[in-house]
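Q: Pasting the sequence and the predicted model now:
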Amino acid sequence: MSLVELRLEGNVGVLGLPRALGKLASLKILTADNTGLSGVPGEVLRGCGALHTLSVRGCQSIDIENLRATPGYEDFETRRQAGKRN
């Protein structure tokens, strides 16, 4: 059994994601809307090879430009775009 979806939305006490989440190769969906996140570790974007959905709506400290500058974002974006076609 492996974790494929992680839902953290509404947990304002969530201020960061552990880099170790990047070891969850089967994680497909990460929802962290309205949390206290200030970024997403590159290890998560690179290491979660199945990740195609990342939602951080309402996270005041995250903007798309900073997210795009995160190492591993291009890999994630490729998977996200491929998921739209399927």
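A: Thanks, I have it. Numbering: from 1, shown residues only.
Q: ok, longest helix in the chain?
A: Scanning the chain for the longest helix, with DSSP state H as the assignment, gives helix 73-85.
Q: which residues sit in contact with the closest residue to residue 75 other than its chain neighbours?
A: Leaving aside its chain neighbours, residue 75 sits nearest to residue 46 (5.7 Å; criterion: C-beta to C-beta, 6 or more residues apart in numbering). C-betas here are computed from N, CA, C, even on glycine. For residue 46, the contacting residues are 22, 71-72, 75-76, taking C-beta atoms under 8 Å, 6 or more residues apart in numbering as the criterion.
Q: helix, strand or coil for residue 46?
A: Applying DSSP: H, G, I helix; E, B strand; the rest coil to residue 46 yields a three-state assignment of helix.
Q: Am I right that residue 57 is in contact with residue 35?
A: No: counting by C-beta atoms under 8 Å, no contact exists between residue 57 and residue 35, whose distance comes to 9.9 Å.
Q: In terms of neighbours, single out the busier of the two.
A: Each of residue 57 and residue 35 had its neighbours counted (other C-beta atoms under 10 Å), and the higher figure belongs to residue 35 (24 against 11).
Q: residues in contact with that one?
A: With contact taken as C-beta under 8 Å, 6+ apart, residue 35 is in contact with 8-12, 14-15, 56, 58-59.
Q: let's see 6 Å
A: Contacts of residue 35 were listed using C-beta atoms under 6 Å, 6 or more residues apart in numbering, and they are 8, 11, 14, 59.
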